[in-house]
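**Q** okay, sequence plus prediction incoming.
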Number of protein chains: 2
Amino acid sequence: MLSEEINRVAEEVSAILRGSLTADCSPLYRAAYHLPSQGGKRMRPFLVAKSSELVGGSAKPVIPAAAAVELLHNFTLVHDDIMDNDALRRGVPTVHTVWGMPMAILAGDLMFAKAFQILLRAGGDDRRIRAAADELATATIDLSEGQHLDMSFEERRDVREDEYLAMISGKTAALFRASAKIGAILGGGSDEAVARLGEYGWNMGMAFQIYDDYLGLTSKEDVLGKAIGNDIREGKKTLIVIKGMSSDAAPLLSDALGKKSVPNEKMAALLGHLQENGTFGYVYAKAKSYVDAALGSLSPFPESAARASLFQLAQMAISRKK
Amino acid sequence: MLSEEINRVAEEVSAILRGSLTADCSPLYRAAYHLPSQGGKRMRPFLVAKSSELVGGSAKPVIPAAAAVELLHNFTLVHDDIMDNDALRRGVPTVHTVWGMPMAILAGDLMFAKAFQILLRAGGDDRRIRAAADELATATIDLSEGQHLDMSFEERRDVREDEYLAMISGKTAALFRASAKIGAILGGGSDEAVARLGEYGWNMGMAFQIYDDYLGLTSKEDVLGKAIGNDIREGKKTLIVIKGMSSDAAPLLSDALGKKSVPNEKMAALLGHLQENGTFGYVYAKAKSYVDAALGSLSPFPESAARASLFQLAQMAISRKK
């Protein structure tokens, strides 16, 4: 089972994060460990591990690098939650809600620095560790640019599809790409294998994010853990919203976008309309096209257990329930 | 002249930072370039350059690393200014004052990531670049811990001297140490030379910070650019305050500490008292003892122009006017 495989890597990664962040019990370290201790999907560490295996390396030696990637991801969530003023994450109060904004900024900075330290001190030859650290730094630059785009969308209603794709490329796909490349680099992959796995990771990340936005508007309330249509009430510029705004649902959608008070009945009618006029279908097909591209990047690799896992992971990206 | 030597390195560093942060003219990059474009003392880059020269390397190849250290320093200032809610830095409005808090957090994160990218892409053998990047990550962890201690001092009046020293060790001396070590590592220094320059840098940083706090309470208003005694009005737990609280000036000091409204006359009397009862003298001697230790770390190196510059730099740390 894929989920069991993911959990195995996740547990080893969790042990490293626990070791790195709980030796010191000051409020700063408790704040830094708050989010990583809550789990999460741990898809990025799995990508690191399987990419290493795919190029002939093994998973074990790249676990510290996998932990570094996961910690970096968590750092960006801590800072994003401050910027977006979000009170909850993974079902628990966000770091700034518990410890205050200054401590949350600082805890994020500490997580960022620890991520690099963990990677730089991992076993592995110097050239490969250096290249992996460069991937991590570069992905963080992309992440910052993606978050900046996302923030700039807040006051806009005319966001285009290409702008949305550029935003999720930075905010999500860049770190998926880096995860796959880091695994391939440290596993001893050729430049070509590294590039190919990078493409796989990036396409997987694009599919993952588009489908995430899709799920947010098509799932039932009890699966999602929040009211249906909330992304629309919050005014999020998802691909569904962007596409819907140029469909015959535009008047209804425009009316509801960014309005917290939209009643559930009206929201259900709007979502039904977006279903019928093909908006949901378009967005799902878009996610699927990225999955197809991801699978295409894998096909030149010979068959192996790792390749099968990465195939499954890409398919899971657009078939999961939450 | 030492200041001319420092300026020469500073200009080359500034060119790298300009190149790295002005290619993109988005608000995010403008926010990230805001503080580096204002200059600053640029002591850390100078330390990188001279440490490389001292161990037989040259300054030129380590300029990117020097720029990375300076950018990392600037990133911590941007985030510290948010945490401390400071409106001015280097005579201009802080990043969060101009672009708002979310953008300032993000700009800082971008600067942090760029610092690592610049260092990792600098010329130099993989083993040495990896070790240098580890120094940078480790110093950032120390910086976070130092800033955390500093924040925890705000509500306390019983801060001890050893706690103050631990705080400035993290907040200031750690990055001076890393700067010297990075220069020595990339310059091709032996492990012993790297360790010795690390000691030099750390001691210099301790002296620099203690003398900074000393200057803040002993300089004339026109040199300082702010009213005398402001550190006391703001309740800062400097070594002068800590030492003064266990002297016969304690009642006067306790009365003035953290009170914005203390009139200049009363402040002048308090400062006069701290001068007479030896508090200032004690603190200056403490700073000088760190300079002596720094010079001691240099003495095993054979005489050279670089050693003479580093000698002068340490002496400047406790003789500058501002």
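**A** Alright, I've got the coordinates.
**Q** after the helix or strand where A:Ala133 lies comes which helix or strand?
**A** Element membership for A:Ala133 (DSSP states H and E) is helix A:126-153. Next helix or strand after helix A:126-153 toward the C-terminus (DSSP H and E): helix A:161-168.
**Q** who are the packing partners of whatever helix or strand comes next after that following helix?
**A** Counting by DSSP H and E, the element after helix A:161-168 in chain order, helix or strand, is helix A:174-186. Judged by 3 or more Cβ pairs under 8 Å, 6 or more residues apart in numbering or on different chains; DSSP states H and E, helix A:174-186 is in contact with helix A:43-54, helix A:63-84, helix A:126-153, helix A:191-218. C-beta: built from backbone N, CA, C; applies to glycine.
**Q** among the ones you listed, which is the most enclosed?
**A** Across those, averaging neighbours per residue (mean count of other Cβ atoms under 10 Å in any protein chain shown) puts helix A:43-54 on top, at a mean of 28.
**Q** now the angle from it to helix A:174-186?
**A** Relative orientation of helix A:43-54 versus helix A:174-186 (axes from the mean of the first three to the mean of the last three Cα atoms, to 10 degrees): 30 degrees.
**Q** re the thing from before, dump the helices and strands packed on helix A:174-186 to a markdown table, plus mean pLDDT and distance to A:Asn277.
**A** Formatted as a markdown table, those follow (pLDDT from 0 to 100; distance: least, Cβ to Cβ, whole Å):
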| stretch | mean pLDDT | distance to A:Asn277 |
| --- | --- | --- |
| helix A:43-54 | 98 | 32 |
| helix A:63-84 | 97 | 30 |
| helix A:126-153 | 97 | 23 |
| helix A:191-218 | 96 | 14 |
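**Q** so can I have JSON lines of the ones you listed showing distance to A:Ile240?
**A** Listed next are the helices and strands packed on helix A:174-186 as JSON lines, based on distance: least, Cβ to Cβ, whole Å:
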{"stretch": "helix A:43-54", "distance to A:Ile240": "22"}
{"stretch": "helix A:63-84", "distance to A:Ile240": "19"}
{"stretch": "helix A:126-153", "distance to A:Ile240": "14"}
{"stretch": "helix A:191-218", "distance to A:Ile240": "5"}
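**Q** and of those, who's closest to B:Arg160?
**A** Counting by Cβ to Cβ, B:Arg160 lies closest to helix A:63-84 out of the helices and strands packed on helix A:174-186; the figure is 31.3 Å.
**Q** quick one: strands adjacent to the helix or strand that the closest one is followed by?
**A** Going down the chain from helix A:63-84, the next helix or strand is strand A:88-89, by DSSP H and E. With DSSP bridges as the test, strand A:88-89 is paired with strand A:92-93 (antiparallel).
**Q** ok, and what's touching the strand it pairs with?
**A** A:His34, A:Gln38, A:Ala87 (Cβ atoms under 8 Å, 6 or more residues apart in numbering or on different chains).
**Q** ok, now with 7 Å
**A** A:Gln38, A:Ala87 (Cβ atoms under 7 Å, 6 or more residues apart in numbering or on different chains).
**Q** now stretch A:189-206
**A** Contacts of stretch A:189-206 (Cβ under 7 Å, 6+ apart): A:47, A:51, A:54-55, A:168-169, A:172-173, A:176-177, A:179-181, A:184-185, A:290, A:293-294, A:297-298, A:300, A:310, A:313-314, A:317.
**Q** what residues does chain A put near chain B?
**A** Residues of chain A lying close to chain B by Cβ under 7 Å from any Cβ of the partner chain are A:26, A:28, A:79, A:82-83, A:102, A:105-106, A:109-110, A:112-114, A:116-117, A:120-121, A:126-127, A:129-130, A:133-134, A:137-138, A:140-141, A:144-145, A:147-148, A:151.
**Q** please name the residues that touch the residue nearest to A:Met316 when sequence neighbours are not counted.
**A** Of all residues not flanking A:Met316 in the chain, A:Leu2 sits nearest, at 6.3 Å (Cβ to Cβ, 6 or more residues apart in numbering or on different chains). Contact analysis of A:Leu2 by Cβ under 7 Å, 6+ apart lists A:Ser309, A:Gln312, A:Leu313, A:Met316.
**Q** same check on A:Tyr164?
**A** A:Tyr164 neighbours (Cβ under 7 Å, 6+ apart): A:Lys237, A:Leu239, A:Ile242.
**Q** any idea which element A:Ser58 lies in?
**A** Residue-wise, A:Ser58 maps onto no helix or strand under DSSP H and E.
**Q** what separation is there between the closest residue to it other than its chain neighbours and chain B?
**A** Closest residue in space to A:Ser58, ignoring its immediate chain neighbours: A:Ser52 at 6.5 Å, by Cβ to Cβ, 6+ apart. To chain B, A:Ser52 is 19 Å away according to Cβ to the nearest Cβ, to the nearest Å.
**Q** ok, A:Gly39 next?
**A** Taking Cβ to the nearest Cβ, one finds A:Gly39 at 24 Å from chain B.
**Q** how about A:Gly198?
**A** Taking Cβ to the nearest Cβ, one finds A:Gly198 at 17 Å from chain B.
**Q** do A:Ala10 as well
**A** 24 Å.
**Q** and that residue, backbone torsions?
**A** Note on A:Ala10: backbone dihedrals following degrees, to the nearest 10 are phi -60, psi -40.
**Q** that one and A:Arg42 touch, don't they?
**A** Yes - because the distance of 3.8 Å satisfies Cβ atoms under 7 Å, A:Ala10 is recorded as touching A:Arg42.
**Q** nearest to chain B, of the contacts of A:Leu2?
**A** Nearest to chain B among those is A:Leu313, at 26.4 Å by Cβ to the nearest Cβ.
**Q** report the mean per-residue pLDDT for the helix or strand containing the closest one.
**A** Here A:Leu313, judged by DSSP H and E, is contained in helix A:305-317. Across helix A:305-317, pLDDT averages out at 96.
**Q** report the angle between that helix and helix A:174-186.
**A** Going by the same axes, to 10 degrees, helix A:305-317 makes 180 degrees with helix A:174-186.
**Q** quick one: contacts of helix A:305-317?
**A** Helix A:305-317 has contacts (Cβ under 7 Å, 6+ apart) with A:2, A:5, A:46, A:50, A:53-54, A:200, A:204, A:207-208, A:211, A:291, A:294-295, A:298, A:301.
**Q** the same query, at a cut-off of 6 Å, please.
**A** For helix A:305-317, contacts defined as Cβ atoms under 6 Å, 6 or more residues apart in numbering or on different chains pick out A:Leu2, A:Lys50, A:Glu53, A:Leu54, A:Met204, A:Ala207, A:Phe208, A:Val291, A:Ala294, A:Leu295, A:Leu298, A:Phe301.
**Q** which pair in these spans the largest distance?
**A** A:Glu53 and A:Ala207 (21.5 Å).
**Q** counting neighbours, what do you get for A:Lys220?
**A** When neighbours are counted by other Cβ atoms under 10 Å in any protein chain shown, A:Lys220 registers 8.
**Q** cool, A:His273 as well?
**A** 16.
**Q** stretch A:208-222: how far from the chain's middle?
**A** 14 Å (Cα atoms, centre = their mean, to the nearest Å).
**Q** residues in contact with it: which ones?
**A** A:168, A:172, A:228, A:231, A:238-240, A:283-284, A:286-287, A:317-318.
**Q** just give me the closest of the contacts of A:Tyr164 to chain B.
**A** Of the contacts of A:Tyr164, the one sitting nearest to chain B (Cβ to the nearest Cβ) turns out to be A:Lys237, at 16.7 Å.
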